[in-house]
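Trainee: Below is the sequence, then the predicted model.
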Amino acid sequence: MAYSTKVIEHYENPRNVGTLDKSDDSVGTGLVGAPACGDVMRLQIKVNEQGVIEDAKFKTFGCGSAIASSSLATEWIKGKTVDEAEAIKNSQIVEELNLPPVKIHCSVLAEDAIKSAIADYRKKQVRRAGSTKHAK
Amino acid sequence: MAIKLPIFMDNHATTPVDPRVLEEMLPYFTTKFGNAASRSHPFGWEAEEAVDHGRERIARLIGAKDSKEIVLTSGATESDNLALKGVAEFYKDKGNHIITTVTEHKAILDTCKRLERQGYDVTYLGVAKDGRVDPADVKKAITEKTILVSVMLANNEIGTVQPLEEIGKITRERAVLFHSDAVQGIGKVEFDVQKMNLDLVSITAHKMYGPKGVGALYVRRSKPRVRLVAQMDGGGHERGMRSGTLAVPLIVGFGKACDIMLREGKAESVKLAALRERLRSRIMGQLDEVYINGSIEHRLPGNLNISFNFVEGEGLMMAIKDVAVSSGSACTSASLEPSYVLRALGVGDELAHSSIRFGLGRFNTEEEVDYVADLVVGKVKGLRDLSPLWEMHKEGIDLKSIEWAAH
């Protein structure tokens, strides 16, 4: 199958590869997919006091389209507020990367990864709010 | 010597036409263009003679006694269809049971499925971890109703060579016909229709440096005389078994390819096995968590099927895009299912997704092997740095302990 130039570009120069400290309360981690299905994405966000995603990192086990989708996702969410990032739809990723129908699941996984990282971040915030209240 | 890119290491998919083969074919496109079925003029006689010569060369390579036993077809898929459907139809009063294995090519499996829908019973034998079928299982599966056993010579994905000689003893003793899709192994591993008691054999030219679009079905003519019902109606060519004007230039090329294999196949296999070992040791010497799929001992000399744990196969193929290989990863198939062959060996889906098949052939060199091995090693390392699974593995997390959400 021929890849779009954008997929190849992201695949060859993936943005924001890496790992953030999972135990940091300002970091949300999303781990989606399954090894048996051939795709696993881990996407992490670091959110500042203003609710803006100031850093994002990913690691992906998967095909070129999966790697490109997660690379693009991190690029897009950096600088966005959590709410803005949450509104990103997989169809936007499909359009940007010209993914063929057989690769749409890669974009779905990237959207899931964003949502999962945000959910993890929010859970930590609730927990932190709870524990600070408790301390008072 | 500078490496010329791209490098072709997908010789199980197809092979280039050997220049010596092409040379012999060319006149049959232009000046010697006759129809082999034309009995009334020299153009036809010339074509018929060329076809007969090709047929003899094909027969000789597989150990057939009589070149009349070679039915020319468009390729092995057609040969498989003709063998299974033709035998099933002809012998339906004798029985309706066929035995095959789960790792056969789709040309066998899908033909069997169609026969099942028509009321035939098919037993699909499992294989061991090394990909081999146990002849004792064949023996146990044979019933009064069994008319045919079909087992491939060598698997197209993992290169595993099946124990045809042992199976042939059993089928002969039980008077059951024995067919083999021998596409992948002919000329590369030991093969002889007499020694293996084979009654029907499918072969194709384009896996042995001949042209695409021509194949053959060996149909034994004595002890036993195998009968089959033609699956295509027409002029009654090929003694009524396969109608259609013969593709004379392709048959000439097929014959030449067989002749080269007969003369050079043995030496070539030794060379290929050495190249394969060079590739294997150079990769495995530099990487952890790499697994070979299929038997080491009973294997096509040019085949290396390996799984690079924590790296997805299609992703890796993209990284080595100047090297033509194939993968058992789901992502390379339209179905998104990983290789059914690797599954049959009990290879987990994770490792099936991480598999790459290298198929070495006549024209690969040591320089190419070294280049590819080092390229693969570098890219696997890079992709592992990108893989969350590799990171977790390095941290000592058991990936099986995680509840993954299947998607």
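Mentor: The structure has been received and is ready for your questions. Predicted, not measured: the structure shown is a model, and the values here were computed from it. Numbering: from 1, shown residues only, chains lettered A, B, ... in the order given.
Trainee: all helices for the stretch 251-400 of chain B, in order.
Mentor: B:313-319, B:340-344, B:349-353, B:366-385, B:388-394 (DSSP state H, counting those that start in this stretch).
Trainee: need those in CSV with distance to chain A, can you?
Mentor: For glycine as for every other residue, the C-beta is placed from the backbone atoms N, C-alpha and C. Formatted as CSV, the helices of the stretch 251-400 of chain B follow (distance: least, CB to the nearest CB, whole Å):
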stretch, distance to chain A
helix B:313-319, 4
helix B:340-344, 11
helix B:349-353, 4
helix B:366-385, 7
helix B:388-394, 4
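Trainee: mind checking which of those is nearest residue B:55?
Mentor: With CB to CB, the closest approach to residue B:55 among those belongs to helix B:340-344: 32.5 Å.
Trainee: possible to save the helices of the stretch 251-400 of chain B as CSV with mean pLDDT, distance to residue B:103 and mean neighbour count?
Mentor: Output for the helices of the stretch 251-400 of chain B, formatted as CSV (pLDDT from 0 to 100; distance: least, CB to CB, whole Å; neighbours: other CB atoms under 10 Å in any protein chain shown):
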stretch, mean pLDDT, distance to residue B:103, mean neighbour count
helix B:313-319, 94, 18, 24
helix B:340-344, 94, 5, 21
helix B:349-353, 92, 13, 24
helix B:366-385, 98, 25, 18
helix B:388-394, 96, 27, 19
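Trainee: now those as a markdown table including distance to residue B:300?
Mentor: As requested, the helices of the stretch 251-400 of chain B are exported to a markdown table (distance: least, CB to CB, whole Å):
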| stretch | distance to residue B:300 |
| --- | --- |
| helix B:313-319 | 20 |
| helix B:340-344 | 14 |
| helix B:349-353 | 19 |
| helix B:366-385 | 16 |
| helix B:388-394 | 31 |
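Trainee: Among those helices, which comes closest to residue B:299?
Mentor: Closest approach to residue B:299 among the helices of the stretch 251-400 of chain B is made by helix B:340-344 (13.6 Å; CB to CB).
Trainee: I'd like to know which elements that closest one is packed against.
Mentor: If you count contacts as 3 or more CB pairs under 8 Å, 6 or more residues apart in numbering or on different chains; DSSP states H and E, helix B:340-344 packs onto helix B:349-353.
Trainee: got a list of contacts for the helix it packs on?
Mentor: Helix B:349-353 has contacts (CB atoms under 8 Å, 6 or more residues apart in numbering or on different chains) with A:35-38, B:291, B:293, B:307, B:309, B:312-313, B:328-331, B:338-339, B:342-343, B:399.
Trainee: change it to 6 Å
Mentor: For helix B:349-353, the external contacting residues (CB atoms under 6 Å, 6 or more residues apart in numbering or on different chains) are A:35-36, A:38, B:307, B:312-313, B:328-329, B:338-339, B:342.
Trainee: Single out whichever of those has the smallest pLDDT.
Mentor: Lowest pLDDT within the contacts of helix B:349-353 is found at residue B:329 (76).
Trainee: Downstream of the host helix or strand of residue A:41, the next helix or strand is which one?
Mentor: Assigning secondary structure by DSSP states H and E places residue A:41 in strand A:39-47. Note on strand A:39-47: by DSSP H and E, the next helix or strand toward the C-terminus is strand A:53-61.
Trainee: What helices and strands are in contact with that following strand?
Mentor: strand A:39-47, helix A:64-77 (3 or more CB pairs under 6 Å, 6 or more residues apart in numbering or on different chains; DSSP states H and E).
Trainee: Could I get these in a markdown table, plus columns for distance to residue B:263 and mean neighbour count?
Mentor: Shown next, in a markdown table, are those (distance: least, CB to CB, whole Å; neighbours: other CB atoms under 10 Å in any protein chain shown):
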| stretch | distance to residue B:263 | mean neighbour count |
| --- | --- | --- |
| strand A:39-47 | 48 | 26 |
| helix A:64-77 | 43 | 27 |
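Trainee: Let's have these in JSON lines, adding distance to residue B:259 and mean pLDDT.
Mentor: Shown next, in JSON lines, are those (distance: least, CB to CB, whole Å; pLDDT from 0 to 100):
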{"stretch": "strand A:39-47", "distance to residue B:259": "48", "mean pLDDT": "97"}
{"stretch": "helix A:64-77", "distance to residue B:259": "43", "mean pLDDT": "97"}
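Trainee: Just send those back as TSV, with distance to residue B:46 too.
Mentor: Below are these laid out as TSV (distance: least, CB to CB, whole Å):
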stretch	distance to residue B:46
strand A:39-47	58
helix A:64-77	52
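Trainee: closest one to residue B:187 among those?
Mentor: With respect to residue B:187, and counting by CB to CB, the nearest of the helices and strands packed on strand A:53-61 is helix A:64-77 at 36.2 Å.
Trainee: Can I get the closest one in PDB, CA atoms only?
Mentor: Provided in PDB are the C-alpha atoms of helix A:64-77 (Å, rounded to 0.1, in the frame of the first residue of the first chain):
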ATOM      1  CA  GLY A  64       3.300   3.700   9.900                       C
ATOM      2  CA  SER A  65      -0.200   5.200  10.000                       C
ATOM      3  CA  ALA A  66      -0.600   4.500  13.700                       C
ATOM      4  CA  ILE A  67       2.800   6.200  14.400                       C
ATOM      5  CA  ALA A  68       1.900   9.200  12.200                       C
ATOM      6  CA  SER A  69      -1.600   9.500  13.800                       C
ATOM      7  CA  SER A  70      -0.200   9.700  17.300                       C
ATOM      8  CA  SER A  71       2.700  12.000  16.300                       C
ATOM      9  CA  LEU A  72       0.100  14.400  14.700                       C
ATOM     10  CA  ALA A  73      -2.100  14.200  17.800                       C
ATOM     11  CA  THR A  74       0.600  15.300  20.100                       C
ATOM     12  CA  GLU A  75       1.500  18.100  17.700                       C
ATOM     13  CA  TRP A  76      -2.100  19.300  17.600                       C
ATOM     14  CA  ILE A  77      -2.900  19.200  21.300                       C
END
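Trainee: quick one: it to helix B:366-385, angle?
Mentor: Inter-element angle recorded for helix A:64-77 and helix B:366-385: 40 degrees (by axes from the mean of the first three to the mean of the last three CA atoms, to 10 degrees).
Trainee: any idea of the mean pLDDT for the helix or strand that comes right after helix A:64-77?
Mentor: Downstream of helix A:64-77, the next assigned helix or strand under DSSP H and E is helix A:82-86. Average pLDDT, helix A:82-86: 97.
Trainee: what do you get for stretch B:9-25?
Mentor: Per-residue pLDDT over stretch B:9-25 has a mean of 97.
Trainee: What is the end-to-end distance of it?
Mentor: For stretch B:9-25, the first-to-last residue distance is 25 Å (CA to CA, to the nearest Å).
Trainee: Same question for stretch B:141-160.
Mentor: Criterion CA to CA; first-to-last residue distance in stretch B:141-160 is 22 Å.
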